[in-house]
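[1] I need the structure of the sequence given here:
(2 chains)
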Amino acid sequence: MWYLCVFYHRLLDYRKPEVESLAELFGAFKDSNSDNNGNPQKKSLEWRLPQDHHPDSPFHFVNLPSEVIARSIANRSILVKGIYELWGEGSSYEELEEAVKGYPDERKLPYLTSESTFKITVDSFGKVISFQEQNDRIRGFSYIPFKGRVNLRNPEHKFWLMETDDYGSNNGLPPVVQRRIFFGREVGAADRKLLPTYQLKSRTYLGPTAMDAEMAFLMANQALVTPGKLVFDPFVGTGSILIAAAHFGAMTMGADIDIRVVRDGRGPDCNVWSNFKQYGLPMPISLLRADNNLPPWRPGLKEVFDAIICDPPYGVRAGGRKSGGRKLLKGVVGPYTVPDDKRTDHIPSTAAYSLVECVHDLLDLAARMLVMGGRLVFFYPVLREDDSIDSNFPEHPCFKLVASCEQILSFRYSRVLLTMVKTGSYTEEIAESARIKHLEFKENHLKWLEDGNLHSAVFSPADPQLGETGDTKFKESKPKYRGKYV
Amino acid sequence: MRLLTHNMLSSNIKGVTNGFPLRIEVEKVVEKQVDFNADFLKNMFLKLEWMALVGASQTMGYDELPQEAEPSMLDSDHFLKRLHHALLELHLEEGALICPETGLRFLVNKGIPNMLLHEDERLKKRSCDLVGYPIAKGSFT
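    This next block holds a predicted model:
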């Protein structure tokens, strides 16, 4: 059945993939899991736009197998404002009335009975409707035979009247030619109350790259986190991603190369454990200090994590580290012998860990350690040129990319949330072919990522050559210093 | 560190062929209550190295686990409770994990195993190919 799906107008690229992921989580694709030959079928939903609307519009129609699934998706999601059973739509109130009257009675009457309570909310996108106008519009519904009592606090049935009109000027969307009015019954809505609860500013232990709560929940949704699943973050830091996973009931594990972060934090009441305690979440199964470049897992161990979710260090705000000093790895110096009296607190030297190497290690680890069908969700930085990004992302023969969602961070660069599903099992041969594939990919797309180029691309002053072209207007539109926006 | 973690870790020093299971050197063990989740245990059971878990739990002072286990035992609540306790509730707060082959120690401090070695330890095993290592490594990146 087709439902009206209305989104919050933010993180536009993340909206549909979130719904698709949750649809899978709640079993929307169960019947079509595989065709007769056992091949997995494409798991995606049907979407449709209202008349004259731009894809960035918050109003979409989506085909979902049942109301139960629609409700579960809406309630779990972060970006869905609501999913509605549409009773009618139109370009004018006359058209709307006709449409609502034409909607079958057997779909309407069960929600209009005298024992029920209800509420009508008037909402708009891109304009404000005064209280008086709202009341007038609600009164205009006298043609719907509401028999129940009004209850504004806790109604059984919530009806929504939503209007959009000429919203083109300020929000970056092309104007809608005609206004569109929707009337429907709410099936489910997102619980955004989570966000103030988990917002970073009230969290005790924070690092410079702690993941914003909204994004962390989105990542957990992309990873299909459910109670009892085991989720791993190899760059755990202050645990901001695992907190979202734990909120949805997952067992969590995290590793980081920086022992001060995982072990000590800022004291006994300000560390990764205390962050979990703050929200009453179950503690991580384990936190350990390990190097993603040299993972400590036993050789026979594989297919143990249900999801790997992480924000790898890509060298803009925080650089990656791996064990071994720079000179040590080059073989210039021999290993430093640690004096006996300093052994306990000694922190071994580390060397810069390029994003290229980091992503390769991450894919290799995920290919080995994820269960079949398990998801790898991680951020990957891209440079923006002429308002578009290079959409070549890292690949691995064991994985299929199911979503890539861009979040613009500055004029110069974006990060893309990649969601991959493990579709093939891991063998030594595959690991080798993945390595070769990775080398090719690196050769073609990642040259600029090496040796801090990303950092300089993001932070260096505007290209001086631009001045010579005489296109001063363009130059002026480029802010001189973008650092604070990153 | 819980014994589930212990069951997953091995000594990752280059050249070590048999770095599992790590021997546990106990200084302080604490018990922390964890919510029981049978599905999680059943799922994890299939991935466990059973003998390593039995050995580790004995070192930690818990010897209620049977020497051998098979999936049919997962139907017994009694067994699941013990598995739950051994796997998730026993914590090594202070101590060390010792590589069975080289005897090198990975410290466990405030419950966090430190799986990174000091520079001189890391290279102990393969001091012969000190120069070979970075070149081989380089081809990876």
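[2] Helices of the stretch 201-350 of chain A, start to end?
    With DSSP state H, counting those that start in this stretch as the criterion, the stretch 201-350 of chain A has helices at A:213-222, A:240-247, A:259, A:272-278, A:326-330.
[3] mind listing the strands for chain B?
    B:23-31, B:90-98, B:105-109, B:112-113 (DSSP state E).
[4] hey, least reliable of the helices of the stretch 201-350 of chain A by pLDDT?
    The weakest mean pLDDT among the helices of the stretch 201-350 of chain A belongs to helix A:326-330, with a mean of 67.
[5] Run a quick neighbour tally on the residue in the stretch 101-250 of chain A positioned nearest to chain B.
    For the stretch 101-250 of chain A, the residue closest to chain B is residue A:228, as judged by CB to the nearest CB, at 4.5 Å. All C-beta atoms are positioned from the backbone trio N, CA, C, and that covers glycine. Using other CB atoms under 10 Å in any protein chain shown, residue A:228 has 16 other residues around it.
[6] Enumerate every residue touching it.
    A:249, A:250, A:251, B:37, B:39, B:40, B:43 (CB atoms under 8 Å, 6 or more residues apart in numbering or on different chains).
[7] What count of nearby residues applies to the second one?
    This means residue A:250. 29.
[8] Equivalent analysis for the third one, please.
    The criterion is other CB under 10 Å. On that basis, residue A:251 has 27 neighbouring residues.
[9] Verify the stated contact: it with residue A:231.
    Yes. In this structure, residue A:251 is within contact of residue A:231 by CB atoms under 8 Å, at 7.0 Å.
[10] Can you pull the residues of the stretch 351-486 of chain A lying near chain B?
    Counting by CB under 8 Å from any CB of the partner chain, the stretch 351-486 of chain A comes close to chain B at A:354, A:356, A:357, A:360, A:435.
[11] Which pair of those residues spans the longest distance?
    Spatial extent of these (CB to CB) is set by the pair A:354 and A:435 at 15.5 Å.
[12] what ranges of the chain fall below the confidence cut-off?
    Using chain A here. Residue ranges of chain A with pLDDT under 70: A:31-42, A:166-178, A:316-319, A:324-336, A:338, A:342-345, A:386-388, A:445-453, A:460-486.
[13] not quite, I wanted chain B
    Using pLDDT under 70, chain B drops low at B:119-141.
[14] most residues in a single helix of it, which one?
    helix B:50-59 (DSSP state H).
[15] coming back round to it: neighbour-wise, which of residue A:354 and residue A:435 wins?
    residue A:354 (24 against 15).
[16] Surely the more buried one and residue A:315 touch.
    Yes. At 7.4 Å, residue A:354 and residue A:315 qualify as touching, with contact defined as CB under 8 Å.
[17] that older thread, please work out which of the helices of the stretch 201-350 of chain A is packed deepest.
    Highest mean neighbour count of the helices of the stretch 201-350 of chain A: helix A:240-247, a mean of 26 (counted as mean count of other CB atoms under 10 Å in any protein chain shown).
[18] does any part of that one sit near chain B?
    No. If you take CB under 8 Å from any CB as the test, helix A:240-247 misses chain B, and the best it gets is 11.7 Å.
[19] Would you list the buried entries among the contacts of residue A:228?
    Burial by neighbour count, 16 or more other CB atoms under 10 Å in any protein chain shown: within those this picks out A:250, A:251, B:37, B:40, B:43.
[20] Tabulate those (CSV), appending distance to residue B:81.
    Conversion of the buried ones among the contacts of residue A:228 to CSV gives the following (distance: CB to CB, whole Å):
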residue, distance to residue B:81
A:250, 22
A:251, 18
B:37, 12
B:40, 14
B:43, 17
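[21] closest to residue A:456 among those?
    Using CB to CB, the buried ones among the contacts of residue A:228 come closest to residue A:456 at residue A:250, 37.7 Å.
[22] Output the longest helix belonging to chain A.
    Using DSSP H to define each element, chain A has its longest helix at helix A:428-445.
[23] list the buried ones in that helix?
    A:430, A:431, A:434, A:437, A:438, A:439, A:441, A:442.
[24] which residues touch residue A:257?
    A:289, A:290, A:291, A:292, A:321, A:322, A:323, A:350, B:116.
[25] Using JSON lines, please lay out those together with distance to residue B:99 and neighbour count.
    Output for the contacts of residue A:257, formatted as JSON lines (distance: CB to CB, whole Å; neighbours: other CB atoms under 10 Å in any protein chain shown):
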{"residue": "A:289", "distance to residue B:99": "16", "neighbour count": "23"}
{"residue": "A:290", "distance to residue B:99": "15", "neighbour count": "24"}
{"residue": "A:291", "distance to residue B:99": "16", "neighbour count": "23"}
{"residue": "A:292", "distance to residue B:99": "20", "neighbour count": "23"}
{"residue": "A:321", "distance to residue B:99": "23", "neighbour count": "19"}
{"residue": "A:322", "distance to residue B:99": "20", "neighbour count": "20"}
{"residue": "A:323", "distance to residue B:99": "16", "neighbour count": "22"}
{"residue": "A:350", "distance to residue B:99": "21", "neighbour count": "18"}
{"residue": "B:116", "distance to residue B:99": "13", "neighbour count": "24"}
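[26] Could I get those residues in TSV, plus columns for distance to residue A:117?
    Formatted as TSV, the contacts of residue A:257 follow (distance: CB to CB, whole Å):
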residue	distance to residue A:117
A:289	56
A:290	55
A:291	59
A:292	55
A:321	59
A:322	61
A:323	63
A:350	62
B:116	61
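[27] which of those residues lies closest to residue A:99?
    Using CB to CB, residue A:292 comes nearest to residue A:99 of the contacts of residue A:257, at 55.9 Å.
[28] Can you give me the neighbour number for residue A:157?
    Using other CB under 10 Å as the criterion, the residues surrounding residue A:157 number 18.
[29] Contact partners for it?
    A:111, A:116, A:117, A:118, A:119, A:148, A:185, A:186.
[30] Recalculate using a threshold of 7 Å.
    Counting by CB atoms under 7 Å, 6 or more residues apart in numbering or on different chains, residue A:157 touches A:111, A:116, A:118, A:185.
[31] Next: residue A:121.
    Shown in contact with residue A:121 (CB under 7 Å, 6+ apart): A:158, A:160.
[32] try 6 Å this time
    Counting by CB atoms under 6 Å, 6 or more residues apart in numbering or on different chains, residue A:121 touches residue A:160.
[33] measure it to residue A:279 for me?
    Distance of residue A:121 to residue A:279, given as CB to CB, to the nearest Å: 30 Å.
[34] Can you pull up the residues of the stretch 151-300 of chain A that come close to chain B?
    By CB under 6 Å from any CB of the partner chain, the residues of the stretch 151-300 of chain A that approach chain B are A:228, A:259, A:262-263, A:285-291, A:294, A:296-298.
[35] Contact partners for the nearest residue to residue B:92 once chain neighbours are set aside?
    Nearest residue to residue B:92, sequence neighbours excluded (CB to CB, 6 or more residues apart in numbering or on different chains): residue B:1, at 4.6 Å. By CB under 6 Å, 6+ apart, the residues touching residue B:1 are B:92, B:108, B:111, B:113.
[36] from those residues, which would you call buried?
    B:92, B:108, B:111, B:113.
[37] now, which of those sits nearest chain A?
    The nearest one, if we look at those relative to chain A and count by CB to the nearest CB, is residue B:113, at 4.8 Å.
[38] The closest one contacts residue A:290, correct?
    No. Residue B:113 is beyond contact range of residue A:290, at 8.2 Å (criterion: CB atoms under 6 Å).
[39] All the helices of chain B, in order from the start?
    B:3-8, B:38-45, B:50-59, B:77-84, B:119-122, B:132-138.
[40] Out of the ones you listed, which gets nearest to residue A:16?
    Of the helices of chain B, nearest to residue A:16 by CB to CB is helix B:38-45, at 30.7 Å.
[41] what's around residue A:91, how many residues?
    Residue A:91, neighbours per other CB under 10 Å, totals 15.
[42] Which residue is the nearest non-sequential neighbour of residue A:378?
    residue A:310 (5.1 Å).
[43] contacting residues for the one you found?
    Contacts of residue A:310 by CB under 6 Å, 6+ apart are A:233, A:234, A:235, A:378.
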